[in-house]
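Engineer: I'll drop the sequence and a predicted model, then ask my questions.
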Amino acid sequence: MWQLGLLVWLAPLWPQPPAWITHKDPQGLFSLQHPPGWKVTPGRKPGRVDIEGSQGEQVIIWPVFIPGSPEARSAPAVLRAMAVSLGMKVEWGEPHSAGAGVRMAGRSAERMAICFLTWVATPKGAAVNVYALAAPRAGYRPAQETFARILESFRAAGAVTRQASGSSLRWVRWPDPRENAFSLEVPAQWKTSGGLFRFAAVDVRTAWQTVSPDGQIRISGGDAELPAFTEPNQMLVMAGFHEGAWYSPGYGVRMLVRRYTPGAAFAREYVTNRVDCPGLGPRETRDRPDAVAAINGVYARYGTGISVYLTAGETAFTCGPPGRSMAGYYFAGTQRAQVPGMPGGLWNVEYLFGFVAPEAQASLAHGVLDHILGSVQLNPQWVAMQQNITANTSQIVSRTQAEISKSISSSYWSRQQSLDEISRRRSNAILGVVDVVDPLTGRELKVENDSNYYWMDPRGTIVGTQTDTRPNLDFRQLIQWP
């Protein structure tokens, strides 16, 4: 499911300060991290979580379920009604679309606030999440990074915990046995296998599978046999690389020449060709643009000269021998990257996970899968090591590759800036900020996303502009994270 070699570029954004506190809900409904001195309390409404800071900061996370399917035009009214009920003592402005949700700012003489609403449609209704952030006016901007980290750390596990307790499941942490690159939580007594598979210095892939003690439920993430792909183009054909051939830009990296396949089509194809279950019959396959809308919005708005986008989809199916009906589900997200003016593009399977289970246990399998996906942790030592390997290999490639290899390789390395942690994108959308890096010091900052370019002078003053014209000679340009 995860391309860990790609994630190391984003790793400096993830670690929380050592002094932060991990809070686990006594009922197992959620967990989050917060600075010392902050207080976490259940909200006045069911499911609501209130986090209060020592200087008047406030974070509210409120998941609710609404019967029916809300439409984009009704979402602002829903947001306004819920925001008013939060009691944050601010005057709310007009809601407006932001990525995959609706955002609204609030102000009073003493405080500033933001409220953000997202939703996911289900057959029975909509799962709605409301996020609200507030602080005293003077402390709002300094608190933005803290807000972002709290939101990134939040993990809701209510549905999974209910399923697990009903089946007497106990969770244990399973470490990657190959390089100790990551770990995840799996049910105790289940047989778990896989880990990180290294095919080249910068070609690392994760794949894992966990199976229930009776062998009836199989849950998996990723597939070590899935390589990176390069689309067929005239230059490759002239060099003898037709569709289905293997192409190497060098240094052990091998790509399969293949046309881009959108997420939904790939999920259906993967189930058909790779899932071992007799009598397999598809039940439903559908696109899931909602799952990647926020990511694609960031790519479109803050592009770095490389066209990158994700498509996602899911497929549900039945299978099994006569008398033993099985149900299955797989989700796939495929990501394509292309340098403007260059032929073809590169793509990979960025997300892949699913399960096969007896039909009566499909709900349990889905809950276990959700829990596992929310429990993944990277090993910081492995991340640091892989960063050094990637940096060194990139330097070698930049010095020695031929032009065709360099053009394809540059897209390949750029793809390493792709997302796995959707929570960072979500928190930035809520806050209305973008991540930037000072190339001189390496310092990472969050700034308001109201400009196309950002600059810093020697005094640390940050200025945003709509064009790439430098505000003054002593300003240096800040680099934006995608």
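Structural biologist: Structure received.
Engineer: quick check on residue 143: phi, psi?
Structural biologist: Main-chain dihedrals, residue 143, degrees, to the nearest 10: phi -80, psi -10.
Engineer: which residue packs closest to it, ignoring adjacent ones?
Structural biologist: residue 135 (4.6 Å; C-beta to C-beta, 6 or more residues apart in numbering). Placement of C-beta: from N, CA and C, glycine included.
Engineer: where's that neighbour, which helix or strand?
Structural biologist: Taking DSSP states H and E as the criterion, residue 135 maps to strand 125-136.
Engineer: now do that strand, average pLDDT.
Structural biologist: Averaging pLDDT along strand 125-136 gives 82.
Engineer: what pairs with that strand, parallel or antiparallel?
Structural biologist: As defined by DSSP bridges, the strand partners of strand 125-136 come to strand 58-67 (antiparallel), strand 111-122 (antiparallel).
Engineer: single out the most deeply packed of those strands.
Structural biologist: strand 111-122 (a mean of 20; mean count of other C-beta atoms under 10 Å).
Engineer: hang on, the earlier thing: alpha carbons only: can I get the strand holding residue 135 in CSV?
Structural biologist: Provided in CSV are the C-alpha atoms of strand 125-136 (Å, rounded to 0.1, in the frame of the first residue of the first chain):
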residue,chain,number,x,y,z
GLY,A,125,-26.3,8.3,4.6
ALA,A,126,-23.2,10.5,5.0
ALA,A,127,-20.3,10.3,7.4
VAL,A,128,-19.6,14.0,8.2
ASN,A,129,-16.6,15.4,10.0
VAL,A,130,-16.5,18.9,11.4
TYR,A,131,-13.2,20.5,12.5
ALA,A,132,-13.1,23.8,14.4
LEU,A,133,-10.0,25.7,15.5
ALA,A,134,-9.8,28.9,17.6
ALA,A,135,-7.4,31.0,19.5
PRO,A,136,-6.9,34.6,20.8
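Engineer: buried ones in that strand?
Structural biologist: Using 16 or more other C-beta atoms under 10 Å as the burial criterion, the residues of strand 125-136 that qualify are 126, 128-135.
Engineer: could you do stretch 309-322 as well?
Structural biologist: Going by neighbour count (16+ other C-beta under 10 Å), the buried part of stretch 309-322 is 310-320.
Engineer: any stretches of the stretch 101-250 of the chain with poor pLDDT?
Structural biologist: Applying pLDDT under 70 to the stretch 101-250 of the chain flags residues 120-126, 156-168.
Engineer: which parts of it are strands?
Structural biologist: Here the stretch 101-250 of the chain has its strands, by DSSP state E, counting those that start in this stretch, at 101-107, 111-122, 125-136, 155-156, 171-175, 182-187, 191-200, 203-211, 218-221, 228-230, 246-250.
Engineer: mind giving me CSV with those and columns for distance to residue 47?
Structural biologist: Formatted as CSV, the strands of the stretch 101-250 of the chain follow (distance: least, C-beta to C-beta, whole Å):
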stretch, distance to residue 47
strand 101-107, 18
strand 111-122, 14
strand 125-136, 10
strand 155-156, 9
strand 171-175, 21
strand 182-187, 22
strand 191-200, 31
strand 203-211, 28
strand 218-221, 26
strand 228-230, 41
strand 246-250, 49
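Engineer: nearest to residue 148, of the ones you listed?
Structural biologist: For residue 148, the closest of the strands of the stretch 101-250 of the chain is strand 125-136, at 9.4 Å, according to C-beta to C-beta.
Engineer: and the angle for the closest one with strand 101-107?
Structural biologist: Put simply, strand 125-136 runs at 30 degrees to strand 101-107, going by axes from the mean of the first three to the mean of the last three C-alpha atoms, to 10 degrees.
Engineer: if we can go back for a sec, right, and the strands of the stretch 101-250 of the chain - which one's nearest residue 447?
Structural biologist: When the strands of the stretch 101-250 of the chain are compared by C-beta to C-beta, strand 111-122 sits nearest residue 447, at 15.1 Å.
Engineer: domain-wise, how is the chain divided?
Structural biologist: Here the domain parsing of the chain from automatic domain parsing is 30-156, 172-399, 432-482.
Engineer: as JSON lines, the ones you listed with distance to residue 21 would be great.
Structural biologist: Output for these, formatted as JSON lines (distance: least, C-beta to C-beta, whole Å):
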{"stretch": "domain 30-156", "distance to residue 21": "6"}
{"stretch": "domain 172-399", "distance to residue 21": "17"}
{"stretch": "domain 432-482", "distance to residue 21": "22"}
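Engineer: so which of those domains is nearest residue 19?
Structural biologist: Nearest to residue 19 among the domains of the chain is domain 30-156; the distance by C-beta to C-beta comes to 5.8 Å.
Engineer: would you agree residue 257 is in contact with residue 240?
Structural biologist: No - between residue 257 and residue 240 no contact is recorded; they are 10.5 Å apart, counting by C-beta atoms under 8 Å.
Engineer: more neighbours, these two?
Structural biologist: residue 257 (19 against 8; other C-beta atoms under 10 Å).
Engineer: okay, the more buried one: pLDDT?
Structural biologist: pLDDT, residue 257: 93.
Engineer: and it, how far from residue 241?
Structural biologist: 5 Å (C-beta to C-beta, to the nearest Å).
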